[in-house]
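Visitor: With the input below, show me the fold.
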Amino acid sequence: MTEQRVIIEMGMGNDLHGMDYQKAAQRAIEDAIRHSTLPIFESIGLPHTDMRVQVTVGVQDPDQIDANALTAGLPRGRATVRAVKGGLNVPNPETGDTAVIATAAVEAFLPSQKGKWTAT
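Guide: Okay, the predicted model is just below:
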């Protein structure tokens, strides 16, 4: 079965004082999801389980990410999360703190709908 990407949203999240990559990644995913809505499900009668959700999170230390925990927090669809090197660490020389900035791309795919929609 072929799929079509129907949405891609980007988000950014941070942890300013704890250097917690997981917290920054979760916030980046939440930021991306807050920017989207998928009324297509109600419009054409598709169940949310038909949607595959693919999340890519970028942080400076991907090994610090628990992808399964992030996947469990996603609200809809059949989801996967992978962590890659990215994001940004910004040290504060005055305090010794490092701000962790994560980025996320949330993509949603549906089975091909070609030929199923008609203009009215």
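Visitor: CA only for contacts and neighbour counts going forward, please
Guide: OK.
Visitor: can you give me the mean pLDDT across the biggest helix by length in the chain?
Guide: In the chain, taking DSSP state H as the definition, the longest helix is helix 21-34. Along helix 21-34, the predicted confidence averages to a pLDDT of 96.
Visitor: which of the residues in that helix are buried?
Guide: Of the residues in helix 21-34, those scored as buried under the neighbour-count criterion (16 or more other C-alpha atoms under 10 Å) are 21-33.
Visitor: tell me how far whichever helix or strand comes after it is from the chain's mean position?
Guide: Once helix 21-34 ends, the next helix or strand along the chain (criterion: DSSP states H and E) is helix 40-44. On the basis of C-alpha atoms, centre = their mean, to the nearest Å, helix 40-44 sits 22 Å off its chain's mean C-alpha point.
Visitor: which non-adjacent residue is nearest the residue nearest the centre of the chain?
Guide: With distances taken as C-alpha atoms, centre = their mean, Val106 lies nearest the centre of the chain, 3.5 Å away. Distances taken as C-alpha to C-alpha, 6 or more residues apart in numbering put Val55 closest to Val106, at 4.6 Å, once the chain neighbours are dropped.
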